[in-house]
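Colleague: model the structure of this input:
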Amino acid sequence: MEFDRDLDVKGLNCPLPILRTKKTLAEMESGQVLRVMATDPGSLKDFPAFARQTGNELVEQREVDRVYEFYLKRK
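Modeller: Presented below is the predicted three-dimensional model:
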């Protein structure tokens, strides 16, 4: 999947991945896609909830070698 910005939050635990994602999305333009790479298992619940609460779209999520990738489209 294509994305406009990349955010590596591997090794960070809740709430830091979400806080860094929120800050990065605020710097982006509407319609741009952010790829977030995280290792915190709590991210699997946190990112869908974050997307619902903020109105940003969780376009895709997947796991590759215990790294969780989330693709969020800025509202």
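Colleague: distance from the chain centre to stretch 53-60, please.
Modeller: Centre-to-centre, stretch 53-60 and its host chain are 9 Å apart (CA atoms, centre = their mean, to the nearest Å).
Colleague: stretch 30-50 too?
Modeller: Using CA atoms, centre = their mean, the offset of stretch 30-50 from its chain centre is 3 Å.
Colleague: now swap in stretch 3-14 and tell me
Modeller: With CA atoms, centre = their mean, you get 7 Å for stretch 3-14.
Colleague: give me the buried positions along that stretch.
Modeller: By 16 or more other CB atoms under 10 Å, the buried positions in stretch 3-14 come out as 3, 7, 9, 12. From N, CA and C alone the C-beta is placed, and that goes for glycine too.
Colleague: can you check stretch 25-45 too?
Modeller: 25, 28, 33, 34, 35, 36, 37, 38, 39, 40, 43.
Colleague: so the last one makes contact with residue 68?
Modeller: By that I understand residue 43. Yes: counting by CB atoms under 8 Å, residue 68 is a contact partner of residue 43 at 5.0 Å.
Colleague: closest to residue 55 among the buried residues of stretch 25-45?
Modeller: Lowest distance from residue 55 to those (CB to CB) belongs to residue 25, with 10.6 Å.
Colleague: residues contacting the closest one?
Modeller: 34, 54, 56, 72, 74 (CB atoms under 8 Å, 6 or more residues apart in numbering).
Colleague: apply 7 Å and report the result again.
Modeller: Residues in contact with residue 25, defined by CB atoms under 7 Å, 6 or more residues apart in numbering, are 34, 56, 72, 74.
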